[in-house]
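Undergrad: coordinates only, sequence not included:
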C-alpha cells in the first residue's frame, strides 16, 4: 500500500512538472543591436551633379553597412535612400548644381539603423579651362593677367588694368612670397575698391592638397576681404581656399603644384595654374552644418596659415 501511495505521489509530481513546463513561453528571437552611429560627416562637390560624402566609421561590431538618405532641404521630402556598403565614402549622383540638399548617414545592422548624422550641401560646377587652355594667372611682371574673373561659371584671365573686374588675384613683387586673395588687398595702386565692394576671402587654407576632391569639410567659414602670403621656397604642394565673388557666388580655388613649386614656367611669365569649384547660384554656400548658419564654423584637416586683413 505504501508503495502504491509513493507511486501515485510521483505521478502527481510528474504531471505538475509537465504542466508547468508546457506553460513556459518559448525563447524569443535574439536581441537586435542598434549600431553606434558614424561620426564627423563631411562632403565635397565632385561636379555639377555629384556630391561625395565622407565620415568616420561606426565602431559597431555588428555593422552591415550604412544607410544614405537624400532629402529636399526646403520640403523635407525624401528624394532617395540607399543601403550602402561598409565603405566610409559615398557618391550621390543625379543632383542639381546650386540646389542645397540634406544628406543623412546612418550605420545599419541589417534593417536596424543608428542615430543619424546630417549635413546640408550643394553640388558645384567644376572649371578647369579658360580661353582654350588651362586656367592660369601670371606673375606681376608679366604682360598677361594676374587676376581671374569667374562670373557666370566661366574663367577669364585679366590684367591689373582690369583689376576692378577680378574675383581674386596674385602678387609676386616679393621674390620669396606669393600673395593671393581679394583684389583690393594686393596693394596694386590701380585697383581701388571700397572694402564693402571687394570679394570676400575664406579664413583658412587647406595645404598639401593634390586635387580638389581631397578637400572635405562641413562648412566654409567666410571672412572679410583679405589675402594670404605663401612662402614660395617651402610651399611645395597644392592648396585650396574659398572665396565669395563680387556677384555673391561661393567658390573654392585649387592652386596646383608641379616639380615642388607653385609658380610654373619661366620669368617674367611665370604663372600659377588653378582649378575652380563654383556655385552657379549666388549666396548658396558650400555647406551648412545642421543647426548652424553658413559662416559660424569651419572644420578642416590641414595645417593653416593666417590670413592678412
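TA: Nice, I can see it. The model shown is predicted, which means the values in this text are computed figures rather than measured ones.

Undergrad: give me the number of residues near residue 161?
TA: 11 (other Cβ atoms under 10 Å). In this view, the C-beta of every residue, glycine as well, is placed from N, C-alpha and C.

Undergrad: which SS state does it fall under?
TA: When classified by DSSP: H, G, I helix; E, B strand; the rest coil, residue 161 comes out as helix.

Undergrad: show me what contacts the closest residue to it other than its chain neighbours?
TA: Nearest-residue entry for residue 161: residue 190, 6.4 Å, with adjacent residues in sequence omitted and distances by Cβ to Cβ, 6 or more residues apart in numbering. Residue 190 makes contact with 160, 161, 163, according to Cβ atoms under 8 Å, 6 or more residues apart in numbering.

Undergrad: quick one: contacts for the closest residue to the last one other than its chain neighbours?
TA: Counting by Cβ to Cβ, 6+ apart, the nearest residue to residue 163 once its immediate chain neighbours are dropped is residue 191, at 3.6 Å. Contacts of residue 191 were listed using Cβ under 8 Å, 6+ apart, and they are 160, 163, 164, 166, 169, 183, 184.

Undergrad: and residue 191, how close does it get to residue 225?
TA: Per Cβ to Cβ, to the nearest Å, residue 191 is found 12 Å from residue 225.

Undergrad: tell me, what's touching the two both at once?
TA: With Cβ under 8 Å, 6+ apart as the test, residue 191 and residue 225 both reach residue 184.

Undergrad: where in the protein is pLDDT low?
TA: Within the chain, the stretches with pLDDT under 70 are 1-30, 287-309.

Undergrad: all helices for it, in order.
TA: For the chain, the helices defined by DSSP state H occupy 2-23.

Undergrad: tell me the domain ranges of it?
TA: Here the domain parsing of the chain from automatic domain parsing is 39-121, 126-289.

Undergrad: run the chain-centre distance for the first one.
TA: Right, the one you point to is domain 39-121. The chain centroid and the centroid of domain 39-121 are separated by 12 Å under Cα atoms, centre = their mean, to the nearest Å.

Undergrad: same deal with the longest one?
TA: When distances are taken as Cα atoms, centre = their mean, domain 126-289 is centred 19 Å away from the chain's centroid.

Undergrad: surely residue 64 meets residue 108?
TA: Yes - counting by Cβ atoms under 8 Å, residue 64 touches residue 108, with 5.9 Å between them.

Undergrad: neighbour-wise, which of these two wins?
TA: residue 108 (22 against 15).

Undergrad: and the nearest residue to the more buried one once chain neighbours are set aside, how many neighbours?
TA: In space, and not counting its chain neighbours, residue 108 is closest to residue 67: 5.0 Å by Cβ to Cβ, 6+ apart. Applying other Cβ under 10 Å, we find 17 residues neighbouring residue 67.

Undergrad: show me what contacts residue 67?
TA: 81, 82, 83, 84, 105, 106, 107, 108, 113.

Undergrad: winner for burial among the domains of the chain?
TA: domain 126-289 (a mean of 19; mean count of other Cβ atoms under 10 Å).

Undergrad: you'd agree residue 109 is up against residue 66?
TA: No - the criterion here is Cβ under 8 Å, and residue 109 misses it with residue 66 at 10.8 Å.

Undergrad: wait, doesn't residue 235 sit right on residue 256?
TA: No - Residue 235 is not in contact with residue 256 according to Cβ under 8 Å; the separation is 11.9 Å.

Undergrad: so can I have JSON lines of the contacts of residue 67 showing distance to residue 53?
TA: Formatted as JSON lines, the contacts of residue 67 follow (distance: Cβ to Cβ, whole Å):
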{"residue": "81", "distance to residue 53": "14"}
{"residue": "82", "distance to residue 53": "11"}
{"residue": "83", "distance to residue 53": "14"}
{"residue": "84", "distance to residue 53": "9"}
{"residue": "105", "distance to residue 53": "6"}
{"residue": "106", "distance to residue 53": "12"}
{"residue": "107", "distance to residue 53": "13"}
{"residue": "108", "distance to residue 53": "15"}
{"residue": "113", "distance to residue 53": "16"}
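
Undergrad: let me know the closest of the residues you listed to residue 41.
TA: Comparing the contacts of residue 67 against residue 41 with Cβ to Cβ places residue 105 closest, at 5.6 Å.

Undergrad: now the closest one: how far from residue 77?
TA: 18 Å.

Undergrad: cool, residue 155 as well?
TA: Going from residue 155 to residue 77 by Cβ to Cβ gives 36 Å.

Undergrad: that older thread, tell me the residues that contact both of residue 235 and residue 256, please.
TA: Joint contacts of residue 235 and residue 256 (Cβ under 8 Å, 6+ apart) are residue 262.
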